[in-house]
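**Q** from the sequence below, what's the structure:
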Amino acid sequence: MQFQNSMKRFFSLVSSKLPQSSSSAPNAPQVEEYLNQLEENHHSAKKQKQGVELDSLWADSKERIPILECHLDEHDEIRRAKKKCEDLMRQEQSIKFVFVNPENKTKLEHKIRLKASIDVVRLLLNQRLTFRGYHEDESSLNKDIITSCKLETIKAIMDDLNGDYFSLLVDISCDVSRKGKMSIVLRYVDRWRFVVERFIGIVHVRDTSGLYLKEAIVNYLAQHSLSLSHTRGQCYDGASNMQGHLSGLKTLIQQESVSAHAIHCFAHQLQLSLVGVSKKCLQVEELVLLVSNFLNVVGGSFKRMDELLESQAEKIQEALDMGEIETGKGLNQELDLTRVANTRWGSHNKYFKNFISVFGSINNVLDTIVVDSKCAEDRAKAKGFLRVC
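**A** Below you'll find the predicted structure:
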């Protein structure tokens, strides 16, 4: 009995705070109230442990809960968030900005240089002049400016086209590095009802088959949100990969757009007509045949080509020593024996011009063939050409 009195003195009975059992109906509301209070205390402790949710705070200070009404553990967190917000709003006062930001004078100088460079680039583009001292590396300012001009020009063309119908003008040729390049031109009616032709780009092609060219065209048009379904015309040269009835580019595009009517390029037709009419003249035909035979004999082996280049270099050096020609960048380059192409404008002019320039070196190679060649046929041809000259 004394032990029980001691327990009652130091420990309170649990039955005074907890409900007895669910069987007693009067104590059921007390049990439910007690469980709800435990759940609320648990959520409150969990929220205090996680900290304040910054995204839930009101942006307007008038609608925001005062910081004094928040929990004590949340005060520092709210102050740190406020400090970060103020730093974000005043970036120009940060140490990082002071070190990175150049002086106003330097910024002005950079702006003047950039404006001058853009003006020079625009002048060269308008006058169709080449760039001197142009570098292709990633740090080249000229490359960035030219790329920007290209993007803005194509954007203006696409805005003028405005998703309307167009015709394709495509041609393939090799550049100075002997890589195949496909030029793409769009022909359409602009908003002022004028028929215009706009060059939109050059695509590098590794194959000249009709299927490969079609894929290259589709990919390039897709970059500018264009589709072959809007094509209403095609214009190519007369090559089989272009005008072929089975696997030509014309046929493949017509499978995508039935209304894409194809014609043979008038410029190529005119060139072929001029070449055909010129060959009707006997003297012109004899000249073309004679020059072709010259080049076949001289360019028949790598050894003769090396002799031709060495003789050409000696003559250039002799002319430089005598002051007959000047030195400079792009001058006095080696001339190759270019073959004529009946569908290329200016190929015949370059053909005869190069032949006249290296005529003296060709004679030296012919003399060497007459003396040193072991083939009687080559010696006879070389001797005959020297007699004609």
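**Q** quick one, helices of the stretch 151-300 of the chain?
**A** 210-222, 240-243, 249-256, 266-278, 282-298 (DSSP state H, counting those that start in this stretch).
**Q** check which helices and strands the last one sits against.
**A** Looking back up the chat, that one is helix 282-298. helix 302-321, helix 347-357, helix 359-372, helix 376-388 (3 or more C-beta pairs under 8 Å, 6 or more residues apart in numbering; DSSP states H and E). C-beta coordinates here come from the backbone N, C-alpha and C atoms, glycine included.
**Q** looking at the helices of the stretch 151-300 of the chain, spot the one closest to residue 121.
**A** Among the helices of the stretch 151-300 of the chain, the nearest to residue 121 by C-beta to C-beta is helix 210-222 (23.9 Å).
**Q** tell me the angle of the closest one relative to helix 249-256?
**A** Here helix 210-222 points in a direction 60 degrees away from that of helix 249-256 (axes from the mean of the first three to the mean of the last three C-alpha atoms, to 10 degrees).
**Q** alpha carbons of helix 210-222, as CSV, please.
**A** Only the C-alpha atoms of helix 210-222 are listed here, as CSV (Å, rounded to 0.1, in the frame of the first residue of the first chain):
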residue,chain,number,x,y,z
GLY,A,210,20.2,11.9,-108.2
LEU,A,211,19.1,10.3,-104.9
TYR,A,212,22.0,11.8,-102.9
LEU,A,213,21.3,15.3,-104.4
LYS,A,214,17.7,15.0,-103.5
GLU,A,215,18.4,14.1,-99.9
ALA,A,216,20.9,17.0,-99.7
ILE,A,217,18.3,19.5,-101.1
VAL,A,218,15.5,18.2,-98.7
ASN,A,219,17.8,18.5,-95.7
TYR,A,220,18.8,22.0,-96.6
LEU,A,221,15.3,23.2,-97.3
ALA,A,222,14.1,21.7,-94.0
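**Q** go through that helix and flag the buried ones.
**A** 210, 213, 214, 216, 217, 220, 221 (16 or more other C-beta atoms under 10 Å).
**Q** pLDDT value on the fifth one, please?
**A** Residue 217 is assigned 94 on the pLDDT scale.
**Q** gap between it and residue 199?
**A** Here the criterion is C-beta to C-beta, to the nearest Å. By it, residue 217 lies 14 Å from residue 199.
**Q** one more: residue 315?
**A** 40 Å.
**Q** looking at the helices and strands packed on helix 282-298, which is nearest to residue 293?
**A** helix 376-388 (7.3 Å).
**Q** next, the angle from that closest one to helix 282-298.
**A** Using the same axes, to 10 degrees: helix 376-388 against helix 282-298 is 130 degrees.
**Q** what number of residues lie near residue 357?
**A** Neighbour count of residue 357, defined by other C-beta atoms under 10 Å: 13.
**Q** domains in this structure, by residue range?
**A** 2-50, 104-144, 163-264, 276-388 (automatic domain parsing).
**Q** hang on, the earlier thing: including distance to residue 195, could the buried residues of helix 210-222 go into a markdown table?
**A** Below are the buried residues of helix 210-222 laid out as a markdown table (distance: C-beta to C-beta, whole Å):
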| residue | distance to residue 195 |
| --- | --- |
| 210 | 27 |
| 213 | 25 |
| 214 | 25 |
| 216 | 26 |
| 217 | 21 |
| 220 | 22 |
| 221 | 20 |
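**Q** quick one: which of those is nearest residue 87?
**A** residue 220 (46.6 Å).
**Q** pretty sure the closest one sits against residue 202.
**A** No. Here residue 220 does not reach residue 202: they are 9.7 Å apart, not a contact under C-beta atoms under 8 Å.
**Q** was I right about residue 370 contacting residue 383?
**A** Yes. Using C-beta under 8 Å, residue 370 is in contact with residue 383, at 5.3 Å.
**Q** low pLDDT regions in the stretch 101-250 of the chain?
**A** 101-104, 132-140, 176 (pLDDT under 70).
**Q** which residues in it form strands?
**A** 166-174, 180-189, 195-204, 231-236 (DSSP state E, counting those that start in this stretch).
**Q** right, so those strands: which one is the most enclosed?
**A** Using mean count of other C-beta atoms under 10 Å, the stretch among those with the greatest mean number of neighbours is strand 231-236 (a mean of 20).
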